[in-house]
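A.B. asks: Output the structure for:
(one chain, ligands or ions: 1)
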Amino acid sequence: MSKKHILNYTKDELENIVSPKFRAKQLINWLYQKKVTNFGDMKNLPKDTREMLDKNFTILSSKIVSKQISSDGSIKYLFKLHDNHTVEAVLLQMKPTIYNEDGSIKHLAKYTVCVSSQVGCKVGCAFCLTAKGGFIRDLSAGEIVEQILQIYIDNNLESNRRVNIVYMGMGEPLDNLDNLAKAVKIFSELDGLSISPHRQTVSTSGLSSKIDKLAKMDLGINLAISLHAVDDDLRQKLMPINKAYNIASIMDAVRRFPVNLRKKVMFEYLVIKDVNDDLASAKKLVKLLNGIQAKVNLIFFNPYEDSQFQRPRVEDVKKFQEYLLSKGVICTIRESKGLDISAACGQLREQNINGVGQWQF
Ligand code: SF4
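C.D. replies: Purely as a prediction, here's the structure:
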C-alpha cells in the first residue's frame, strides 16, 4: 500500500499534515462524523488540500468480505485487509430499540463492538480457533479504528450513538499496546467518534507486565481479564501463556491497576463442561478476587467443529453464579450473543478459509 492510511493519525498528528491547524478538526469531522470516504467530497477543505490528501492518503484500507447476521441482531463482520489477510469484528446488540405506542422511539438500541487487534494471535489458548492459525501480524491503530468506522457506516449509526468498544476480538491487545493506545485516543477525539475511554475495555489474557505498562499510560480505559481457570495447572493447559504470567502475577498487576471508583475490573470466565464448572472452582475464584473491585462474567463455551471442549449445562453455570453472588461477588452470565453465527473469535475467519458457512456479500 503506497498511500498512507489517514485513520492512523491522531488529531495532533493531522495538524501537521493539513494547515492551518483548524483544518485537522474539519478533516476529522468529515471522516468520523459525516463518514465521508472520498477526500474530494470534503467541501470545506481547499481544493489543493483535498488533492494533497487524495494523492498521499487512503481513507478505507479494508473491505467487508462477509457478514453474518444473528437472530439476536448481532452482526459478525469479516474484513479483508490491504495485504489480503482477514480479521473479524462483531457488532453486538445489547438492547433492542424500544418504541412507544405511538411509534416514536423510547430507547435506542445499545451496541457493543468487539474489535480485533492482531491478525492471528501468539497466545495459543486451547479453546480458541484464532490460536490455531498462529500469529501473522499486529494491526495498525488505523486498522483497529477502521473496523468500528466501517461498522458505523454499514449500520448507518449516527456519530453520537453510545457504542461501547471491547478489544476482545482476534489477538492479544496488550501484545500490540502502542497501536491499541493510539486507537483508544483516536476513538475518543471529541471532534471524531467521541467514544470516551470509559466506554472502552481492553480484554487481556493476563500479560501482567503489560497491564502495569497500560496502567502507567493512564488512558482511563477499563480492564477485563480472561481468567477461565483458578489454578495454574488447569490455566496452563487452557492458556499456555500462564507459564510466563501465572495467576498470582496477574492478580498482583490487577491490584496495582487504577480503577475508577464507579468501575470494576471484569473477570471473564469461560465455563467449559466438566473442566472448570464445579463449585470448588467457584470457591477458589471468590478467594482470588478478595480485595479487588471485581465483576465476574460467566460465558458459556461456544463449541466449534472438532473442538475438544463442550458447552456447560445451564444448571451448573447457574449454581456457579449463585455461589459467587452469595459471597458478595457481582456475577453475570453473558448471553451467548450471536450463538447461531458462531460468534466466538476466529470462527468466521476459519470458516472463510475453509470455505464453510454462509456468506452475505
Ligand atoms: S482467546 Fe484471545 S488471547 Fe487466547 S488465543 Fe484466542 S485471540 Fe489469542
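A.B. asks: Could you check how far residue 299 is from residue 333?
C.D. replies: Distance of residue 299 to residue 333, computed by C-beta to C-beta, to the nearest Å: 8 Å. Quick note: C-beta positions are derived from backbone N, CA and C, even for glycine.
A.B. asks: same check, this time on residue 219
C.D. replies: Applying C-beta to C-beta, the value for residue 219 to residue 333 is 29 Å.
A.B. asks: Which parts of the stretch 201-350 of the chain are strands?
C.D. replies: Using DSSP state E, counting those that start in this stretch, the strands found in the stretch 201-350 of the chain span residues 222-226, 265-271, 294-300, 330-334.
A.B. asks: So which of those is nearest the ligand?
C.D. replies: strand 222-226 (6.5 Å; C-beta to the nearest ligand atom).
A.B. asks: helices or strands up against the closest one?
C.D. replies: Under the contact criterion of 3 or more C-beta pairs under 8 Å, 6 or more residues apart in numbering; DSSP states H and E, strand 222-226 touches strand 200-204, helix 247-256, strand 265-271.
A.B. asks: got these as TSV, with distance to the ligand columns?
C.D. replies: Shown next, in TSV, are the helices and strands packed on strand 222-226 (distance: least, C-beta to the nearest ligand atom, whole Å):
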stretch	distance to the ligand
strand 200-204	8
helix 247-256	13
strand 265-271	9
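A.B. asks: Excluding chain neighbours, give the residue nearest to residue 94 in space.
C.D. replies: Using C-beta to C-beta, 6 or more residues apart in numbering and skipping residues adjacent in sequence, the residue nearest residue 94 is residue 110, 4.4 Å away.
A.B. asks: looking at it, the one you found is touching residue 91, isn't it?
C.D. replies: No. Using C-beta atoms under 8 Å, residue 110 is not in contact with residue 91, being 11.2 Å away.
A.B. asks: More neighbours: those two, which one.
C.D. replies: residue 91 (26 against 15; other C-beta atoms under 10 Å).
A.B. asks: and after the one helix or strand the more buried one maps to, which helix or strand comes next?
C.D. replies: Using DSSP states H and E, the element containing residue 91 is strand 86-95. Counting by DSSP H and E, the next helix or strand C-terminal to strand 86-95 is strand 98-99.
A.B. asks: and the following helix or strand past that next one, how far out from the chain's middle?
C.D. replies: Using DSSP H and E, the helix or strand that follows strand 98-99 in sequence is strand 105-107. Relative to the chain's own centre, strand 105-107 is displaced by 27 Å; criterion: C-alpha atoms, centre = their mean, to the nearest Å.
A.B. asks: What about the closest residue to the ligand within the stretch 201-350 of the chain, how many residues nearby?
C.D. replies: The nearest approach of the stretch 201-350 of the chain to the ligand comes at residue 205, 4.2 Å away (C-beta to the nearest ligand atom). Neighbours of residue 205 under the rule other C-beta under 10 Å: 26.
A.B. asks: Return the distance of the most centrally placed residue in the chain relative to the ligand.
C.D. replies: In the chain, the centroid-proximal residue (C-alpha atoms, centre = their mean) is residue 167; its distance is 2.5 Å. Here the distance between residue 167 and the ligand works out to 10 Å (C-beta to the nearest ligand atom, to the nearest Å).
A.B. asks: Which pLDDT value does the model give that residue?
C.D. replies: For residue 167, the pLDDT comes out at 96.
A.B. asks: Go ahead and measure how far the helix or strand where residue 49 lies is from the middle of the chain.
C.D. replies: Using DSSP H and E, residue 49 falls within helix 47-56. In terms of C-alpha atoms, centre = their mean, the centre of helix 47-56 is found 33 Å from the chain centre.
A.B. asks: one step back: got the strands of the stretch 201-350 of the chain as JSON lines, with mean pLDDT and distance to residue 57 columns?
C.D. replies: Converted to JSON lines, the strands of the stretch 201-350 of the chain look like this (pLDDT from 0 to 100; distance: least, C-beta to C-beta, whole Å):
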{"stretch": "strand 222-226", "mean pLDDT": "95", "distance to residue 57": "32"}
{"stretch": "strand 265-271", "mean pLDDT": "94", "distance to residue 57": "37"}
{"stretch": "strand 294-300", "mean pLDDT": "93", "distance to residue 57": "39"}
{"stretch": "strand 330-334", "mean pLDDT": "91", "distance to residue 57": "39"}
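A.B. asks: What sits closest to residue 97 if chain neighbours are left out?
C.D. replies: residue 109 (4.4 Å).
A.B. asks: One more: residue 42?
C.D. replies: residue 30 (4.5 Å).
A.B. asks: which ones are touching that neighbour?
C.D. replies: Taking C-beta atoms under 8 Å, 6 or more residues apart in numbering, we find residue 30 in contact with 36, 41, 42, 45.
A.B. asks: can you count the residues close to residue 36?
C.D. replies: Residue 36: 17 neighbours (other C-beta under 10 Å).
A.B. asks: if we can go back for a sec, hang on, the residue of the stretch 201-350 of the chain closest to the ligand packs against residue 172?
C.D. replies: Yes. The criterion here is C-beta under 8 Å, and residue 205 meets it with residue 172 at 5.5 Å.
A.B. asks: any residues in contact with both of these two?
C.D. replies: Contacts common to residue 205 and residue 172, judged by C-beta under 8 Å, 6+ apart, are 123, 241.
A.B. asks: circling back to that earlier point, only the buried residues of the helix holding residue 49, if you could.
C.D. replies: 49, 50, 53 (16 or more other C-beta atoms under 10 Å).
A.B. asks: now swap in stretch 145-160 and tell me
C.D. replies: In stretch 145-160, counting by 16+ other C-beta under 10 Å, buried: 145, 146, 147, 148, 149, 150, 151, 152, 157.
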